[in-house]
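Asker: below are the sequence and a predicted model for it; my questions follow.
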Amino acid sequence: MVISIVKSQPADMVSYFIDKALAVDSLLFTISALLSFLSIRLERSTVGLERWAEVLFIVGLVSMTVIAVIFSFEIV
């Protein structure tokens, strides 16, 4: 949703960086979901996969929040 809002705004460097940051953020969430899925499906111990999935998910949430605040209040 935020990417479509950014795309509807006039093109400038702030929109460009927000767009790219959100793209990276979506990759973090995708990798986190993949690692979480693998930790459920694999037979062997998957503590490492679970930990990485958790870390990436938290990093994704924090970065999405920071990006949304910067975009909403036009801090940059």
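Answerer: Good, I have the coordinates.

Asker: with just CA atoms, put stretch 16-32 into PDB.
Answerer: Once side chains and other backbone atoms are set aside, the C-alpha atoms of stretch 16-32 remain, and they are given as PDB (Å, rounded to 0.1, in the frame of the first residue of the first chain):
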ATOM      1  CA  TYR A  16      13.100   7.200  -4.800                       C
ATOM      2  CA  PHE A  17      14.800   6.200  -1.600                       C
ATOM      3  CA  ILE A  18      11.500   5.400   0.200                       C
ATOM      4  CA  ASP A  19      10.500   3.200  -2.800                       C
ATOM      5  CA  LYS A  20      13.800   1.300  -2.700                       C
ATOM      6  CA  ALA A  21      13.800   1.000   1.100                       C
ATOM      7  CA  LEU A  22      10.300  -0.500   1.000                       C
ATOM      8  CA  ALA A  23      11.400  -2.900  -1.700                       C
ATOM      9  CA  VAL A  24      14.300  -4.100   0.500                       C
ATOM     10  CA  ASP A  25      11.800  -4.300   3.500                       C
ATOM     11  CA  SER A  26       9.500  -6.500   1.500                       C
ATOM     12  CA  LEU A  27      12.500  -8.800   0.800                       C
ATOM     13  CA  LEU A  28      13.200  -9.000   4.500                       C
ATOM     14  CA  PHE A  29       9.700 -10.100   5.200                       C
ATOM     15  CA  THR A  30       9.800 -12.700   2.300                       C
ATOM     16  CA  ILE A  31      13.100 -14.200   3.500                       C
ATOM     17  CA  SER A  32      11.800 -14.200   7.100                       C
END
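
Asker: just the mean pLDDT for that stretch, thanks.
Answerer: The predicted model assigns stretch 16-32 a mean pLDDT of 89.

Asker: just how off-centre is that stretch within its chain?
Answerer: In terms of C-alpha atoms, centre = their mean, to the nearest Å, the centre of stretch 16-32 is set 5 Å apart from its chain centre.

Asker: which positions in that stretch come out as buried?
Answerer: Of the residues in stretch 16-32, those buried under the neighbour-count criterion (16 or more other C-beta atoms under 10 Å) are Ile18, Asp19, Ala21, Leu22, Asp25, Leu28, Phe29, Ser32. The C-beta positions use only the backbone N, C-alpha and C, and glycine is treated the same way.
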